[in-house]
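Chemist: sequence first, predicted coordinates after that:
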Amino acid sequence: MIEIINIINNVVVHLCHILAMIVILTGIIKAMIIYIKDILLEGSAFSALQESRLEIGHSFSLGLAFLIGASIIKTILAPTWNDIGQLAAIIAIRTALNFFMLRDVESLFRKNK
């Protein structure tokens, strides 16, 4: 029974990593499309940069959320104190990145309104 739970845990962790990669890659592609479209059609590099940064910021934030979830799920089964310490450090770093990224995205969003 424990082996089945470990397998399910590993599958869910890998699925979260794959989802994070898909979300981040999709955001990068969408940001590039927005940037190229705005440069070619509107000719404004500043607005193109702002709009593409908004798009990529949202996708990075969601991707980081998936990665945090994967880290938490990974250490659910029989964590050691070392695992808990590493998890705390990973979550702290990713949460700080997410906080500052969302703060920048919100300031860009307010400027675009």
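Modeler: Looks like it came in fine. Bear in mind that the values here come from a model prediction, so they are computed numbers and not experimental data.
Chemist: top helix in the chain by residue count?
Modeler: helix 2-41 (DSSP state H).
Chemist: what's the first helix or strand after that helix?
Modeler: With elements assigned by DSSP states H and E, the helix or strand that comes after helix 2-41 is helix 45-74.
Chemist: got the angle between that following helix and helix 2-41?
Modeler: If you take axes from the mean of the first three to the mean of the last three CA atoms, to 10 degrees, helix 45-74 sits at 180 degrees to helix 2-41.
Chemist: list the buried residues for the next helix or strand after helix 45-74?
Modeler: Heading C-terminal from helix 45-74, the first helix or strand you meet, by DSSP H and E, is helix 81-112. By 16 or more other CB atoms under 10 Å, the buried positions in helix 81-112 come out as Leu87, Ile90, Arg94, Asn98, Met101, Leu102, Val105. Just so you know, the C-beta spots here come from the backbone N, C-alpha and C atoms, and that holds for glycine as well.
Chemist: cool, stretch 63-75 as well?
Modeler: Neighbour-count burial for stretch 63-75, with 16+ other CB under 10 Å as criterion, is recorded at Gly63, Leu64, Ala65, Phe66, Leu67, Ile68, Gly69, Ala70, Ser71, Ile73, Lys74, Thr75.
Chemist: and the longest helix of the chain, average pLDDT?
Modeler: What helix 2-41 shows for mean pLDDT is 92.
Chemist: make residue 1 into 197 and carry on from there
Modeler: Let's use 197 as the start, then, which means that last one is helix 198-237.
Chemist: what distance separates that helix from the centre of its chain?
Modeler: In terms of CA atoms, centre = their mean, to the nearest Å, the centre of helix 198-237 is set 8 Å apart from its chain centre.
Chemist: other SSEs contacting it?
Modeler: Packing contacts for helix 198-237, counted by 3 or more CB pairs under 8 Å, 6 or more residues apart in numbering; DSSP states H and E, involve helix 241-270.
Chemist: what's around the residue lying closest to Gly223 once chain neighbours are set aside, how many residues?
Modeler: Nearest residue to Gly223 in three dimensions, chain neighbours excluded: Ser255, at 2.2 Å (CB to CB, 6 or more residues apart in numbering). By the criterion of other CB atoms under 10 Å, Ser255 has 21 neighbours.
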